[in-house]
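Enquirer: All I have is the shape, not the residue letters:
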């Protein structure tokens, strides 16, 4: 089931207020729910929550909406865990079984992608969270099972017709646009070299060649080329300088972060409304993803309706910690 969003602005404020707070001592682990008789412990739910929420709740108590945010996060994590248990139980009831080599391959891929294939790095990371390799592998196996079950019961039923896509385009075509962008070159230049750089640029030498010669930042080896970017995506002093330039222009020195930069705006590209053909793949993917989530919610909703789920939510005033 889709969960209600957390209060994001308050989450950021709480995170900032608790950066220097020492985590509270853990409480005794306890039962918070059963799903068809299968237990879910507090510590399991806590793994799916931002750690700073525990610090915020212990430090601030119910102040500034802390308790409401904590309850949202706890409930979302608990319901997601309940859904996961229901899917795993459905898997165990059926005849489908993942072969051991598929699980081995999946764990190997995760080890390679996250830890560069270094087993010692994985073990060091597991030690921080007090997990064993067996527990880690079991968690990956469960995730693989959930993915396989989702594919079997949901993904195969996702269909978006060409007419649906065309109708979505007509309803949203005013917002389906490419952003305006500028081709930008930036170089960090030693202050004593700025005048020379600017003089040689004015004489006709290209910015990228000068950047390779004078720039002291890593981008200099590429001639300072940032490609087409939106001014909103770069640092404000650079964006301000670039916005004031005509195409082909060079900025005055821009001081930023204790360094001096030169900016050249080489070209501009206006934003435009996408055609149906240009927007097709994006719309199709968005609609398929939305439909996939919708069908998953329906499927899991049926599992929940047929399940015996009991919850004991820890809404007392005692400090809690994972």
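Expert: Here it is on my side, so go on. Given the structure is predicted, the values throughout are model-derived calculations rather than measurements.
Enquirer: Give me the average confidence score over the one helix or strand residue 54 maps to.
Expert: Element membership for residue 54, per DSSP states H and E: helix 52-60. The predicted model gives helix 52-60 an average pLDDT of 72.
Enquirer: the inter-axis angle of the next helix-or-strand element following it versus helix 52-60?
Expert: For helix 52-60, the succeeding helix or strand toward the C-terminus, using DSSP H and E, is helix 66-93. Our comparison of helix 66-93 with helix 52-60, counting by axes from the mean of the first three to the mean of the last three CA atoms, to 10 degrees, yields an angle of 150 degrees.
Enquirer: For helix 66-93, list every residue counted as buried.
Expert: By neighbour count with 16 or more other CB atoms under 10 Å, helix 66-93 contains the buried residues 66-67, 69-70, 72-74, 76-79, 81-91. Yep, even glycine has a C-beta here, placed from its N, CA and C like the rest.
Enquirer: Can you list the helices and strands that the following helix or strand past it packs against?
Expert: With elements assigned by DSSP H and E, the helix or strand that comes after helix 66-93 is helix 100-115. In terms of contacts (3 or more CB pairs under 8 Å, 6 or more residues apart in numbering; DSSP states H and E), helix 100-115 is packed against helix 119-128, helix 133-153.
Enquirer: Which residues outside helix 100-115 are in contact with it?
Expert: Contacts of helix 100-115 from elsewhere in the structure, counted by CB atoms under 8 Å, 6 or more residues apart in numbering, are 117, 118, 119, 121, 122, 125, 137, 140, 141, 144.
Enquirer: Please verify my assumption that the last one contacts residue 98.
Expert: The one in question is residue 144. Yes: using CB atoms under 8 Å, residue 144 is in contact with residue 98, at 6.3 Å.
Enquirer: from the chain's centre, how far out does the helix holding residue 54 sit?
Expert: Helix 52-60 sits 23 Å away from the centroid of its parent chain (CA atoms, centre = their mean, to the nearest Å).
Enquirer: and if you look at stretch 149-159?
Expert: Averaged over its C-alpha atoms, stretch 149-159 has a centre that lies 24 Å from its chain's centre (CA atoms, centre = their mean).
Enquirer: tell me which residues of it are tucked away?
Expert: Within stretch 149-159, the residues that qualify as buried by neighbour count (16+ other CB under 10 Å) are 149, 150, 153, 154, 158.
Enquirer: mind giving me the domain split of this structure?
Expert: 8-157, 178-272 (automatic domain parsing).
Enquirer: Lowest average pLDDT across the ones you listed?
Expert: Ranked by mean pLDDT, the domains of the chain end with domain 8-157 in last place, scoring a mean of 81.
Enquirer: Any buried residues in stretch 237-247, and which?
Expert: Judged by neighbour count (16+ other CB under 10 Å), stretch 237-247 contains these buried residues: 238, 239, 241, 242, 245.
Enquirer: Give me the contacts around it.
Expert: Among residues not part of stretch 237-247, those counted as contacts by CB under 8 Å, 6+ apart are 182, 184, 186, 231-232, 234, 251-252, 254-256, 261, 263-268.
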